[in-house]
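Asks: Kindly return the folded structure for what I paste below:
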Amino acid sequence: MVGFFFVSDASAAQALVEGEGDADLVDLIALPLENGATIDMDGRLDEEAWRRAVPITDFTQKEPVEGGTPSERTEIRVVYGEDALYIGANLYDDPEGILAFQKRRDGTLGVDDRFMWTLDTFHDGRTGYYFETTATGVMGDGLITGGRSGGGGGGGRAWDGIWQIQTAILPDGWSIEIQIPFRTLNFDPTSDTWGINFQRTIRRRNEEIVWRGYRRNQNNRDPIHAGRLVGLEGLSQGMGLEAVPYAVTNWKNVPSELDQTTYPSDVGLDVNYNVTPSLRAGVSVNTDFAEAEVDQRRLNLTRFPLRFPEWRDFFLEGSGVFTFAPGNGAEPYFSRRIGLLEGEQIPINYAARLGGQAGRYELGFINVNTAELESADVDGGTFASEQFTAARVKASILDQSTIGAIYTRRSTGADPTDPTAQAPLGQHTVGADLNYATSRLSGDKNFGVQAFAAWNSNPDRGIDRSTSDLSARGVRVNYPNDIWSGHVSYREFGDDYNPAVGFVTRNGFRRVEPNIAWRRDPTSTGSAASTSPHSSATWRASQRALPKNNSGNSRSWESSSRARMTSEWTSSASSSTSIMRSRSATAFSSRRGPTRTGN
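Replies: Numbers count the residues shown, from 1 in each chain. Next comes the predicted model:
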């Protein structure tokens with residue numbers, strides 16, 4: 001049973017939580033619903049619970065004037081019941097000026113007037129969920145996985161959570177009612193505090209309004225910059241058990257076949273169970289992917305493979321933990337290696353999954369068994385059954401940093417001497433990564449250091465390959481700030497680094513790449529309408545491995561370097577869209593012949 005909590009005066013309620021954080025900031029208090037009270041999801045905040053809830057109104061303009069006063073008032077309230085969290089928002093505005101054109105879920109909602117919020121349900125400043133909507137109720141959501149060196153939460157938009165929203169256009173603006181079931185979220189049931197943040201876009205003015213983190217070098221999808229949602233008690237995910245059976249039957253008639261009429265059918269079952277409110281297990285038998293989205297058609301004119309996103313729900317659940325050194329291209333685990341062969345679906349006999357958080361550790365485990373596939377696209381006509389395993393652990397260290405390890409395995413029961421059973425030999429991959437990040441360098445600057453190393457086993461035991469050939473490693477130092485930003489990185493990928501359950505765009509190279517950029521603050525003159533110059537310089541030195549000589553003991557590298565400088569001027573005004581006035585760029589490259597080095 002959820003207890004009753006009531007504060008009659010907003011200033012008194014805010015005084016309850018002042019002093020626990022910054023002296024000039026207040027927390028958002030979640031009001032529990034009285035027994036039997038409900039929220040009628042119609043987009044209008046006319047229930048008694050909304051009137052009793054204490055709103056937050058202390059929003060700050062981020063664009064076009066950093067730290068400026070918003071042009072319109074915004075009020076946010078939060079209430080909760082035993083099974084769901086409710087967010088209510090009053091977004092005051094001229095209803096004639098509201099822009100809402102997008103219709104597709106997870107579309108580009110930034111071109112409309114929109115409302116966004118993030119939830120850091122473990123209050124760890126690293127992971128969470130983000131949501132967004134427009135005045136027409138279009139939904140967007142995703143996972144915040146962290147991992148960006150120097151701050152800035154990365155994420156995955158392919159995740160589609162279960163939640164509900166209703167909007168209403170009012171004479172003085174628009175309002176929103178949001179319902180997020182607790183079973184949609186992983187959270188720490190022992191904590192009464194979550195991280196939360198809000199952002200509002202008024203597109204016709206190019207205005208961004210935020211609750212916390214108004215500085216331009218503060219990414220509002222980074223949970224470390226969020227405010228606090230307090231007063232959450234007695235939260236429940238119900239039984240935590242979910243079963244999804246499926247059955248499919250078809251009628252098929254092919255006059256040219258001996259058995260002209262057939263009735264192919266199939267059945268399967270997915271079961272999910274919350275071991276704890278923060279740790280979720282799942283089992284799938286004869287997995288069904290019929291509802292997965294179809295890949296976009298893309299034409300590849302390069303020599304590098306295309307990377308398509310994952311759409312299958314089973315692999316999206318808890319997938320954030322498997323992110324490894326993002327932005328470096330190492331990827332020891334890529335779920336589309338499982339159950340797909342050149343775009344053709346391979347049936348999955350069974351699959352098991354465990355993911356979530358245990359204390360300061362984020363855990364992920366997947367084991368999948370695929371069926372034998374007969375296909376005309378495979379030499380010999382048969383692709384053998386395979387076993388896939390992926391295990392990942394990340395430990396939170398310091399305020400915003402993580403250190404982790406990953407292991408993947410791909411094995412087959414096929415006879416390696418049988419040419420009619422085509423499947424990769426059993427391979428293992430291990431890796432470790434470090435992501436140090438802080439948003440408090442010299443007080444308020446972002447800074448990060450990222451390092452990684454990964455190794456895969458030799459795919460052909462008959463060929464001698466060194467550890468360097470079979471591994472990838474790199475380090476990156478990042479300073480993503482305003483007005484100055486920059487980074488320097490070094491990466492080296494061996495010729496034979498190609499994890500069997502991973503994805504690598506290219507290997508056989510090493511590269512050092514420094515970058516520095518300067519952007520003048522357009523509001524430094526105190527005006528919302530000004531000209532903002534932006535300049536950047538990049539120098540890249542690369543070496544590409546050439547084939548080894550016959551002895552196999554030495555290596556030749558082809559070296560190249562490239563420098564690029566760009567300058568641009570952007571004119572922005574509070575009443576018009578930013579327009580690039582001019583842009584100039586100079587690039588040159590130099591290349592020298594192969595250099596021979598020992599390996």
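Asks: and the next element down the chain from the helix or strand bottoming out on mean pLDDT in the chain?
Replies: In the chain, no helix or strand scores lower on mean pLDDT, DSSP states H and E than helix 10-17, which sits at a mean of 37. Remark: after helix 10-17, the chain's next helix or strand is strand 28-32, criterion DSSP states H and E.
Asks: Tell me the helices and strands packed up against that following strand.
Replies: Packing contacts for strand 28-32, counted by 3 or more Cβ pairs under 8 Å, 6 or more residues apart in numbering; DSSP states H and E, involve helix 10-17, strand 74-80, strand 227-230. For the C-beta atoms, the positions are set from N, CA and C on the backbone; glycine is no exception.
Asks: Strand partners (parallel or antiparallel) of it?
Replies: Using DSSP bridges, strand 28-32 pairs in its sheet with strand 74-80 (parallel), strand 227-230 (parallel).
Asks: Can you say which of those is nearest to residue 115?
Replies: Nearest to residue 115 among the strands paired with strand 28-32 is strand 74-80; the distance by Cβ to Cβ comes to 8.6 Å.
Asks: what mean pLDDT would you report for the very next helix or strand once past the closest one?
Replies: Where DSSP H and E defines the elements, the next helix or strand beyond strand 74-80 is strand 84-92. Strand 84-92 carries an average pLDDT of 96.
Asks: so what's the nearest residue to residue 124 once chain neighbours are set aside up against?
Replies: Spatial nearest neighbour of residue 124, chain neighbours left out: residue 396 (5.9 Å); criterion: Cβ to Cβ, 6 or more residues apart in numbering. The contact partners of residue 396, by Cβ atoms under 8 Å, 6 or more residues apart in numbering, come to 124, 126, 360-362, 402.
Asks: go on, residue 319?
Replies: Contacts for residue 319 (Cβ under 8 Å, 6+ apart) come out as 143, 156, 159, 310, 335, 364.
Asks: so who does the fourth one touch?
Replies: If a contact means Cβ under 8 Å, 6+ apart, then residue 310 has 158, 316, 319, 335-336 as its contacts.
Asks: And those, which is closest to residue 243?
Replies: Distances from residue 243 to the contacts of residue 310, taken as Cβ to Cβ, are shortest for residue 316 (18.8 Å).
Asks: Can you report how many residues lie near that closest one?
Replies: By other Cβ atoms under 10 Å, 18 other residues sit near residue 316.
Asks: returning to what we had before: quickly find the element holding the residue nearest to residue 124.
Replies: Residue 396 belongs to strand 386-397, assigned by DSSP H and E.
Asks: residues of the helix or strand just after that strand that come out buried?
Replies: As assigned by DSSP H and E, the chain's next helix or strand after strand 386-397 is strand 401-412. By 16 or more other Cβ atoms under 10 Å, the buried positions in strand 401-412 come out as 401-404, 406-412.
Asks: who does strand 401-412 pair up with?
Replies: strand 386-397 (antiparallel), strand 427-441 (antiparallel).
Asks: and residue 345, which of the strands paired with strand 28-32 is closest to it?
Replies: strand 74-80 (40.9 Å).
Asks: Can you add distance to residue 182 and give the strands paired with strand 401-412 back as a markdown table?
Replies: Shown next, in a markdown table, are the strands paired with strand 401-412 (distance: least, Cβ to Cβ, whole Å):
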| stretch | distance to residue 182 |
| --- | --- |
| strand 386-397 | 23 |
| strand 427-441 | 29 |
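Asks: could the ones you listed go into CSV alongside mean pLDDT and distance to residue 41?
Replies: Putting the strands paired with strand 401-412 into CSV (pLDDT from 0 to 100; distance: least, Cβ to Cβ, whole Å) gives the following:
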stretch, mean pLDDT, distance to residue 41
strand 386-397, 94, 36
strand 427-441, 92, 36
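Asks: Could you point out which of these sits nearest residue 302?
Replies: Of all those, strand 427-441 comes closest under Cβ to Cβ, at 25.0 Å.
Asks: Determine how far that closest one lies from the middle of the whole chain.
Replies: 16 Å (Cα atoms, centre = their mean, to the nearest Å).
Asks: Also stretch 64-81?
Replies: Put simply, stretch 64-81 sits 25 Å off its chain's centre (Cα atoms, centre = their mean).
Asks: Pull out the buried residues from it.
Replies: 64-66, 68, 70, 72, 74-81.
Asks: just stretch 447-456 next, same as before
Replies: Here stretch 447-456 shows 447-456 as buried, counting by 16+ other Cβ under 10 Å.
Asks: Quick one: the helices in the stretch 251-400 of the chain, in order.
Replies: Listed in chain order, the helices of the stretch 251-400 of the chain (DSSP state H, counting those that start in this stretch) span residues 313-316.
Asks: before we move on, back to that, Throw the strands paired with strand 28-32 into JSON lines and include distance to residue 38 and mean pLDDT, thanks.
Replies: Shown next, in JSON lines, are these (distance: least, Cβ to Cβ, whole Å; pLDDT from 0 to 100):
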{"stretch": "strand 74-80", "distance to residue 38": "11", "mean pLDDT": "96"}
{"stretch": "strand 227-230", "distance to residue 38": "21", "mean pLDDT": "95"}
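Asks: Using TSV, please lay out the ones you listed together with distance to residue 179.
Replies: What follows is the strands paired with strand 28-32, written out as TSV (distance: least, Cβ to Cβ, whole Å):
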stretch	distance to residue 179
strand 74-80	10
strand 227-230	16
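Asks: right, so of the ones you listed, which gets closest to residue 244?
Replies: With Cβ to Cβ, the closest approach to residue 244 among the strands paired with strand 28-32 belongs to strand 74-80: 26.5 Å.
Asks: For that closest one, C-alpha coordinates in CSV please.
Replies: Output of strand 74-80 as CSV, limited to C-alpha atoms (Å, rounded to 0.1, in the frame of the first residue of the first chain):
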residue,chain,number,x,y,z
THR,A,74,6.7,25.8,-17.8
GLU,A,75,5.2,23.8,-14.9
ILE,A,76,6.0,20.1,-14.2
ARG,A,77,4.4,17.9,-11.6
VAL,A,78,5.0,14.2,-10.7
VAL,A,79,2.7,11.8,-8.9
TYR,A,80,2.8,8.0,-8.6
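Asks: what angle separates that strand from strand 84-92?
Replies: With axes from the mean of the first three to the mean of the last three Cα atoms, to 10 degrees defining the directions, strand 74-80 sits at 170 degrees from strand 84-92.
Asks: Give me the contacts around strand 74-80.
Replies: With Cβ under 8 Å, 6+ apart as the criterion, strand 74-80 contacts 2, 28-33, 39, 45, 49-50, 53-57, 59, 85-92, 196, 198, 200, 209, 211, 229, 232, 235.
Asks: out of the residues you listed, which are buried?
Replies: The buried subset of those (16+ other Cβ under 10 Å) comprises 2, 28-33, 39, 45, 49-50, 53-56, 59, 85-91, 196, 198, 200, 209, 211, 229, 232, 235.
Asks: Run through the stretch 101-250 of the chain and note the low-pLDDT ranges.
Replies: Flagging of the stretch 101-250 of the chain using pLDDT under 70 yields the residue ranges 146-156.
Asks: Distance of residue 108 relative to residue 102?
Replies: Remark: distance between residue 108 and residue 102 (Cβ to Cβ, to the nearest Å) = 7 Å.
Asks: on that earlier part again, ok, now how distant is the residue nearest to residue 124 from residue 361?
Replies: According to Cβ to Cβ, residue 396 stands 8 Å off from residue 361.
Asks: tell me the SS of the residue nearest to residue 266 when sequence neighbours are not counted?
Replies: Of all residues not flanking residue 266 in the chain, residue 248 sits nearest, at 4.9 Å (Cβ to Cβ, 6+ apart). Counting by DSSP: H, G, I helix; E, B strand; the rest coil, the backbone at residue 248 sits in strand.
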